[in-house]
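Trainee: let me see the structure of the following:
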Amino acid sequence: MNGCCSATAAMDRDRGHDDVGRGGSAAPPGHASLKHIKSIGQIGIVVKICLMPHIPVTTPASVRRALLGESEIAILDVRPEGRFAEGHPLFAASFPLGQLEAQVYERLPRRSVPVVVYGDDPGDAGTAVRKLRQLGYTDVSLLDGGLDAWIAAGGELFRDVNAPSKAFGELVAVTAGTPSLPADEVAALLRDRAGSQAGGTPRAVVVDARRLDEYATMSIPGAVSVPGAELVLRVRELAPDPATVVVVNCAGRTRSIIGTQSLINAGLPNRVAALRNGTIGWALAGRQLDHGQLRHAPDVSVAAARQAEAAAWAVADKTGVRRVSGDELRPLDDGTRTVYRFDVRTPQEYESGHLPGFRSAPGGQLVQETDWFAPVRGALVVLAGDGGGRAAMTASWLAQMGWDVVVTSAELAAPTAGPPGTAGRLERGPWAAERPPLPDVLMAGPALVAGWLRAGEARVVDVDTSRRFLAGHVSGAA
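Mentor: Sure, this is the predicted structure:
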């Protein structure tokens, strides 16, 4: 109880009180008085502090040294994602407290990785630390002073999600001079398609670099879905004539910038440009969007895949990306370093056969969402070679973002191949993330719950993310 007494007394002193009992009398020995607590919320904070064992802290200066020294560190923001998006350190990762157990094994695979936690108050952050310790993480601390101390020490806060990738995209656009076209110019190019065949303005093709589900939700009329990492491999099938203008779009900026620059870096002879501000810019220009489209790029020949592989590796070699063989994969599992393994092909290809232990992370999304897929800064990223340039081009961007990244030999993905210990077999099906054991709780089927709801005997509480709740939930759920 001593920690609780100290915490309560400190709260009273902060409010200008020297004593902790009514009328100046001391509280009974071994007990903390709550006489000066003004709200239930304050009581909750005291209870959290009372139950909180000693938790080490890491100063903002130490976090900064780890980041600059490229030491492994994971900075976890346990606030709701909306609060995270309002402002956070650049390399912090969103781990909402209510989602922590569901996400942490997948996103922080090494249990001895240094983890620094902060939240809206010490109680929430302390709860997250206790949960992480219970889940086996051995090097967990609080950010000393939280975000206020980070700011006071000169640290910046960045708005929105995926901030590292978005900041990097803007850097690429400026330093490389990535070309872009406004909506009206792209619309004019699309109108001139028929005339181009008679020797007029070269026709254009618009390729959408987002996920297929995003493309299906809304797209530029006539655009074809070619998710980011697929561009170098497949765009020649859509624009075999060098006179064809290739326009790359996403919802906003980042993926169109990276996709456009990928094609330019790979030496595509066509004129390539990003659609400025993507579908948002298109809509703001007063132009209509399509919905429910499923157009996608055709399959490519073996010769086209080899051409894309050579072009992508010409770029990756310049950025210092290393190739590793199957024999070199085994030592990576010695437990001294966090290793992320990703397969950057399409989800369909991944499910048809992938290297054991490799997670599906289509290349364009991996570059766009590094803070989600790989929240441990300083970790090693291993990409499965695909023989079509997708891993090499993705690796080239990750290397430029400061990641230590290697690519496996493409032959490992062959149906009869595999790294040591896999007996030449590939795994099939979707990625199955490791999860902590589920607690022993009572379960009720849909019919039973529906009966309770009709009788007014129950309330349904949806504990998933707000985004998924808005996408669909049980009628009447809160």
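
Trainee: what's the following helix or strand after the helix or strand harbouring G451?
Mentor: Using DSSP states H and E, the element containing G451 is helix 446-454. Per DSSP H and E, the first helix or strand lying C-terminal to helix 446-454 is helix 466-471.

Trainee: picking up where we left off before, can you list contacts of the helix holding G451?
Mentor: Applying C-beta atoms under 8 Å, 6 or more residues apart in numbering, the contact partners of helix 446-454 are 444, 458, 460, 474-476. To be clear about C-beta, it is placed using only N, CA and C from the backbone, and glycine gets the same treatment.

Trainee: okay, which residue is most central for the chain?
Mentor: A centroid search over the chain (C-alpha atoms, centre = their mean) returns W372, at 2.2 Å, as the residue closest to the centre.

Trainee: and the helices in the stretch 151-300 of the chain, which stretches?
Mentor: Ranges of helices within the stretch 151-300 of the chain are 163-176, 183-191, 193-196, 212-217, 231-238, 254-265, 278-284, based on DSSP state H, counting those that start in this stretch.

Trainee: show me where pLDDT drops low in the stretch 251-400 of the chain?
Mentor: Within the stretch 251-400 of the chain, no range satisfies pLDDT under 70.

Trainee: longest helix of this structure?
Mentor: Assignment by DSSP state H gives helix 302-318 as the longest helix of the chain.

Trainee: so what secondary structure elements neighbour that one?
Mentor: Contact here means 3 or more C-beta pairs under 8 Å, 6 or more residues apart in numbering; DSSP states H and E; on that basis helix 302-318 packs against helix 231-238, helix 390-400.

Trainee: and the contacts of helix 446-454 as JSON lines, adding pLDDT?
Mentor: Below are these laid out as JSON lines (pLDDT from 0 to 100):
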{"residue": "A444", "pLDDT": "89"}
{"residue": "A458", "pLDDT": "89"}
{"residue": "V460", "pLDDT": "91"}
{"residue": "V474", "pLDDT": "88"}
{"residue": "S475", "pLDDT": "84"}
{"residue": "G476", "pLDDT": "83"}
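
Trainee: and those residues, which is closest to Q288?
Mentor: Nearest to Q288 among these: S475, at 33.1 Å, using C-beta to C-beta.

Trainee: where does the closest one land in three-state SS?
Mentor: Of the three states, S475 takes coil under DSSP: H, G, I helix; E, B strand; the rest coil.

Trainee: that one - nearest residue in space that isn't next to it in sequence?
Mentor: Leaving aside its chain neighbours, S475 sits nearest to L453 (7.9 Å; criterion: C-beta to C-beta, 6 or more residues apart in numbering).

Trainee: against A477, how distant is the one you found?
Mentor: As for L453, its distance to A477 is 10 Å (criterion: C-beta to C-beta, to the nearest Å).

Trainee: neighbour-wise, which of the two wins?
Mentor: L453 (16 against 13; other C-beta atoms under 10 Å).

Trainee: from A444, how far out is that one?
Mentor: Distance, L453 to A444, by C-beta to C-beta: 11 Å.

Trainee: pLDDT below threshold where in the stretch 101-250 of the chain?
Mentor: In the predicted model of the stretch 101-250 of the chain, residues 193-202 satisfy pLDDT under 70.
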